[in-house]
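> got a predicted structure here, sequence first:
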Amino acid sequence: MSPPPNRPPSRPPTSGAGRPSPRPATRPLVRPATRELPGARAVRPGGGRPGAPGTAEAPGIAEAELERRFDALEVKIEQWKVRYNRYFAGDPLQRLPPDPMRDEIEREMRQLRGNNMRRSVDHFRMSAIESRLSSYTEMFGRRVRAVEEGKVTRRQPTPAPAPASHDVESGVVVDTRCAPDAVEALFQGLAARNPRGATMDLDTFRGYLAKQVAQIQEKTGCEAVQFRLVTEEGKVKLKAKPMAGRSPSP
């Protein structure tokens, strides 16, 4: 087999004068400069912050607002506990378990869990509130089941005092003995006029009245104190007035 013929080497194209024609100059590729806006944050693919690519965090909440909601939630849980105690005590104003109030508490807790809590102290407080609610729920659940199964008898509602004996708007006289009918009349009148219901049970209210009577007697030297219910600026208040007694010592 014969070897391939020799081919002359290729030559660059020439101009008319026999010189190689110059190649066109190429410009370097320049990317347009990007301007960064003041205060802008670096955003990574997926909408996450630097350090967490591909993730989107839940919106945060101001610390002061979070503290306020925690405080309100704790107050509502204590009010729910008081209403349950009134139910088991046979309070005529609390004939059914306060389940709607429990639903409100659960709804508020779900909203708080959906927020981005950045501080460890907030997570700790949320866990403490959840633990307290769980403890109350378990305790009241056992008592309700015991009542339904007949193991425990719930107190029957006590009859309300006769309207003619005590008029809470005109005044109810209370002395150091704290007569049960007088205390009951003030307690029922206060609970009926407060849209949120009573914030304490009957025994706690009796102790509060006894303390008020003792302080006013020590200050004025009176023998008894007249309490009456008044409404000022949409709020129900308990007004005290010393009754006939010796003049206070100088």
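Structure's in. What do you need?
> going by C-alpha atoms from here, please, whenever you check contacts or count neighbours.
Noted.
> so which elements touch the helix or strand hosting residue 211?
For residue 211, the element it lies in under DSSP states H and E is helix 202-220. Under the contact criterion of 3 or more CA pairs under 8 Å, 6 or more residues apart in numbering; DSSP states H and E, helix 202-220 touches helix 180-193, strand 225-232, strand 235-242.
> what comes up buried for the helix ranked longest in the chain?
Longest helix in the chain, counting residues (DSSP state H): helix 120-148. Buried positions in helix 120-148, judged by neighbour count with 16 or more other CA atoms under 10 Å: 126, 129, 133, 136, 140, 144.
> one more: stretch 182-192?
Those would be 182, 183, 184, 185, 186, 187, 188, 189, 190, 191, for stretch 182-192 by 16+ other CA under 10 Å.
> between those residues, which is nearest residue 72?
residue 191 (20.5 Å; CA to CA).
> quickly note the distance from the closest one to residue 229.
11 Å (CA to CA, to the nearest Å).
> now do residue 178
Counting by CA to CA - residue 178 and residue 229 are separated by 17 Å.
> these two: which has the busier surroundings?
residue 229 (20 against 17; other CA atoms under 10 Å).
> report the beta-bridge partner residues of that one.
Judged by DSSP bridges, the bridge partners of residue 229 are residue 238.
> wait, isn't it in contact with residue 168?
Yes: here residue 229 reaches residue 168: they are 5.8 Å apart, a contact under CA atoms under 8 Å.
> between these two, which contacts overlap?
Between them, residue 229 and residue 168 share these contacting residues under CA atoms under 8 Å, 6 or more residues apart in numbering: 186, 189.
> re earlier: from the contact counts, what lies against the helix or strand following the longest helix of the chain?
Following helix 120-148 in sequence order, the next helix or strand is strand 172-174 (DSSP H and E). Judged by 3+ CA pairs under 8 Å, 6+ apart, the packing partners of strand 172-174 are helix 180-193, strand 225-232.
> same list (the ones you listed) but as JSON lines, adding distance to residue 97 and mean pLDDT.
Converted to JSON lines, those look like this (distance: least, CA to CA, whole Å; pLDDT from 0 to 100):
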{"stretch": "helix 180-193", "distance to residue 97": "17", "mean pLDDT": "84"}
{"stretch": "strand 225-232", "distance to residue 97": "28", "mean pLDDT": "86"}
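> quick one: which of those is nearest residue 109?
Minimum separation from residue 109 across the helices and strands packed on strand 172-174 (CA to CA) falls at helix 180-193, 27.2 Å.
> where does this structure dip in pLDDT?
1-61, 154-165, 195-199, 245-250 (pLDDT under 70).
> what about the residue nearest to residue 225 when sequence neighbours are not counted, neighbour count?
Excluding the flanking residues, the one nearest residue 225 by CA to CA, 6 or more residues apart in numbering is residue 242, at 4.6 Å. Under the neighbour criterion other CA under 10 Å, residue 242 is assigned a count of 19.
> OK, contacts around residue 242?
Counted by CA under 8 Å, 6+ apart, residue 242 has contacts 216, 217, 220, 222, 223, 224, 225, 226.
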